[in-house]
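In: Return atomic coordinates for the entry below.
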Amino acid sequence: MPLFEYYCRKCKKDFEVLHLAGRETKAACPSCSSTDIIQKVSVFSAHSAAPSGSSVGPANPGCRGCPNAGGACGLDG
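Out: All right, here's what the predicted structure looks like:
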């Protein structure tokens, strides 16, 4: 479910909207209900299943550079 960031031109506030997959959602400012909004360029975040504090990738000597995992296979050697 993507989270989009917006800026309201009317009240000049930033806000976020979670868009559910398969449902068309029209965004409106939660502060003033205005639809005069601009979608901001934002970055995404990903969650890894790797244990906390583990290091995978080319800098980790235990990583074998799995070709199907982009070098982040999570193997400890």
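
In: Point out where this structure drops to low pLDDT.
Out: Scanning the chain with the threshold set as pLDDT under 70 gives 1, 44-77.

In: And the closest residue to Ile38 other than its chain neighbours, how close does it get to Asp14?
Out: Of all residues not flanking Ile38 in the chain, Tyr7 sits nearest, at 4.8 Å (C-beta to C-beta, 6 or more residues apart in numbering). To be clear about C-beta, it is placed using only N, CA and C from the backbone, and glycine gets the same treatment. Relative to Asp14, Tyr7 is positioned 5 Å away (C-beta to C-beta, to the nearest Å).

In: so what sits against both of these two?
Out: Common contacts of Tyr7 and Asp14 (C-beta atoms under 8 Å, 6 or more residues apart in numbering): Lys40.

In: So what's the residue count around Tyr6?
Out: 19 (other C-beta atoms under 10 Å).

In: mind listing what the residue nearest to it when sequence neighbours are not counted touches?
Out: Closest residue to Tyr6 apart from its sequence neighbours, by C-beta to C-beta, 6+ apart: Ile37 at 4.6 Å. Applying C-beta under 8 Å, 6+ apart to Ile37 gives the contacts 6-9, 27-29.

In: Just want the phi and psi numbers for Tyr6.
Out: phi -130, psi 160 (degrees, to the nearest 10).

In: if we can go back for a sec, ok, Tyr7 and Asp14, which is more surrounded?
Out: Tyr7 (15 against 11).

In: Next one: the residue nearest to Tyr6 relative to Glu16, how far apart?
Out: 12 Å.

In: Quick check: neighbours shared by the two?
Out: Each of Tyr6 lies in contact with both Ile37 and Glu16 under the rule C-beta under 8 Å, 6+ apart.

In: give me the element the residue nearest to Ile38 is part of.
Out: Here Tyr7, judged by DSSP states H and E, is contained in strand 3-8.
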